[in-house]
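Asks: Provided below for reference: sequence and predicted model.
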Amino acid sequence: MAKKVILITGGAGFIGSHLCERLLKEGFKVICMDNLITGNLENIKPLLKDKNFLFIKHDVTKYIEIKGRIDYVLHFASPASPCDYLKLPIQTLKVGSLGTHNTLGLAKRKKAKFLLASTSEVYGDPLVHPQPESYWGNVNPIGLRGVYDEAKRFAEAITMAYHRVHKIDTKIARIFNTYGERMRIDDGRVIPNFILQALNNQPLTVYGKGTQTRSFCYIQDLIEGILKLMFSQINEPINLGNPLEFKILDLAHLIIKLTESKSKIIFKPLPQDDPCRRKPDIRKAKKILNWKPKVNLEEGLIRTITWFRNKKEREND
């Protein structure tokens with residue numbers, strides 16, 4: 001029986017590369033597409049020798065032409081950290097709109113199933129806590145973060161339109177804060193920031209008073225959730241994240257402890273539209289997908305810190 005073929009856009013990125021690796025192990029032929037604007041070939045270097053893996057350097061905002069069958073399209077291409085989409089606002093809007101349009105068009109031509117990597121940012125600075133999928137969000141469309149928030153909200157809208165009009169089997173994963181191996185050191189998100197600062201014994205930068213909360217999901221837990229969603233019958237958006245809520249200040253203290261760092265903590269003003277609270281309601285994922293995170297924050301951070309420490313040592317050699 002012929003292997004199923006799966007296209008992963010943004011496949012050289014943090015989450016995308018973990019998906020490529022896992023789906024090869026699951027017996028798929030994997031096509032990884034990335035323009036490397038925020039992705040990194042190092043993330044997929046071990047996979048390049050696999051005969052069932054193909055890397056294509058391409059910008060998904062341009063028309064996508066791939067010969068042969070494709071059974072699944074997973075659209076993960078997008079700058080995803082605030083420092084990236086603040087530097088690349090137009091590219092972020094284009095990949096969420098034109099890129100999603102092009103990947104949906106490919107799925108339609110190939111009669112493939114489609115999964116969109118959406119985000120908890122569609123909820124903005126939420127007025128409802130925790131955030132269920134039924135919540136429409138509180139987003140500033142013209143704020144600095146609006147380029148990412150609204151790109152993903154549009155991506156969800158066009159995905160549902162293709163499902164309703166063209167009957168494509170679409171899935172929408174609303175991904176909450178995820179961390180783990182292969183995050184970029186200069187990613188700009190809170191966990192790599194804190195780890196890098198702690199390993200260098202530099203002050204950890206906390207914005208505001210550090211009372212804002214986030215919920216952190218370890219990468220392997222997220223990958224399990226994405227695969228369960230991919231093979232499910234559900235077409236509505238579904239939250240994937242860890243519902244355990246942490247204050248940013250507590251996270252800073254925990255990373256200092258786990259790295260045995262001499263770092264202190266400094267406070268800076270809170271960025272515009274930075275959400276005060278973020279916590280997924282994952283009852284839907286538990287009920288429909290039989291999924292919930294298994295790796296606790298301390299265990300996941302130890303693995304992530306070890307990876308960052310090894311990477312830092314390799315770069316210093």
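Replies: Sure, I can see it.

Asks: any idea how far Lys152 is from Arg22?
Replies: Remark: distance between Lys152 and Arg22 (CB to CB, to the nearest Å) = 23 Å. For the C-beta atoms, the positions are set from N, CA and C on the backbone; glycine is no exception.

Asks: Of those two, which one has the most company?
Replies: Higher neighbour count among Lys152 and Arg22: Lys152, with 26 against 16, using other CB atoms under 10 Å.

Asks: Quick check: which element contains that one?
Replies: Element membership for Lys152 (DSSP states H and E) is helix 146-166.

Asks: how about that helix: buried residues?
Replies: For helix 146-166, the neighbour count (16 or more other CB atoms under 10 Å) marks 146-156, 158-160, 162-163 as buried.

Asks: partners of the following helix or strand past that helix in the sheet?
Replies: Counting by DSSP H and E, the next helix or strand C-terminal to helix 146-166 is strand 170-175. Using DSSP bridges, the strands paired with strand 170-175 in its sheet are strand 113-119 (parallel), strand 237-240 (parallel).

Asks: So which residues make contact with strand 170-175?
Replies: For strand 170-175, the surrounding residues in contact (CB atoms under 8 Å, 6 or more residues apart in numbering) are 15, 104, 107, 113-120, 122, 133, 156, 159-160, 162-163, 217, 222, 225-226, 229-230, 232, 234-241, 280.

Asks: hmm, 6 Å instead?
Replies: For strand 170-175, the external contacting residues (CB atoms under 6 Å, 6 or more residues apart in numbering) are 114-120, 156, 159, 163, 226, 229, 235, 237, 239-240.

Asks: repeat for stretch 195-210
Replies: Counting by CB under 6 Å, 6+ apart, 185, 194, 248-249, 252, 255-256, 259, 261-268, 270, 305, 308 sit against stretch 195-210.

Asks: can you rerun that using 7 Å?
Replies: Applying CB atoms under 7 Å, 6 or more residues apart in numbering, the contact partners of stretch 195-210 are 185, 193-194, 247-249, 252, 255-256, 259, 261-271, 274, 304-305, 308-309, 312.

Asks: Take these and, keeping just the buried ones, write it as a ChimeraX select command.
Replies: Selection command for ChimeraX covering only the buried members of these, criterion 16+ other CB under 10 Å:
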select :193,194,247,248,249,252,255,256,259,261,263,274,304,305,308
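
Asks: Can you give me the pLDDT of Val165?
Replies: You'll see Val165 listed with a pLDDT of 98.

Asks: Over to the one 3 residues further on?
Replies: For Ile168, the model assigns a pLDDT of 98.
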